[in-house]
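got a structure for you, letters missing:
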């Protein structure tokens, strides 16, 4: 088994874990943003309306930065939650005993 029940929590591991989940949050939010833009642009193209581009990019820069920042915050919160479950509460041990 890959998980032998002896996961040790260290400060460096905690920092890397939180940074990785923050990056994951940014990537997921960016993927959602791109998906929304593709759907909206397809709807506009099928309705044959004019598309107005501001500075070469449809969403405003403040919206884009806010959206990606919210992804980082969401990822950080998710990392703190799963860190507590995996490394502090050791909830996975209950499932390993049953397997």
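Cool, got the structure. Not measured: the values here are computed from a predicted model. Residues are numbered from 1 along each chain as shown.

got any ranges where the protein has weak pLDDT?
The model of the chain has pLDDT under 70 over residues 1-8, 53-59, 98-99.

So which residue is smack in the middle of it?
Using C-alpha atoms, centre = their mean, the residue of the chain that lies closest to the mean C-alpha position is residue 25, 1.7 Å off.

Strands of this protein, start to end?
Here the chain has no strands by DSSP state E.

Please report the distance of the closest residue to residue 30 other than its chain neighbours from residue 50.
Distances taken as C-beta to C-beta, 6 or more residues apart in numbering place residue 68 nearest to residue 30, at 6.4 Å, with adjacent residues excluded. Any C-beta I mention is one placed from the backbone N, CA and C, and that applies to glycine too. Note on residue 68: its distance to residue 50, by C-beta to C-beta, to the nearest Å, is 28 Å.

thinking again about what came up before, report the contact partners of the residue nearest to residue 30.
Going by C-beta atoms under 8 Å, 6 or more residues apart in numbering, residue 68 touches 26, 29, 30, 33.

Run a quick neighbour tally on the third one.
It stands for residue 30. 14 (other C-beta atoms under 10 Å).

thinking it is in contact with residue 71, fair?
Yes - Residue 30 lies in contact with residue 71 (C-beta atoms under 8 Å); the separation is 6.9 Å.

Next up, the contacts around residue 17.
Here residue 17 is in contact with 79, 83 (C-beta under 8 Å, 6+ apart).

now it: how far from residue 77?
Residue 17 sits 13 Å away from residue 77, taking C-beta to C-beta as the criterion.

Give the residue farthest from the middle of the chain.
In the chain, residue 48 marks the outermost C-alpha relative to the chain mean, sitting 34.1 Å out by C-alpha atoms, centre = their mean.

how far away is it from residue 69?
35 Å.

Verify the stated contact: residue 87 with residue 9.
Yes - when contacts are counted by C-beta under 8 Å, residue 87 is listed as touching residue 9 (3.9 Å).
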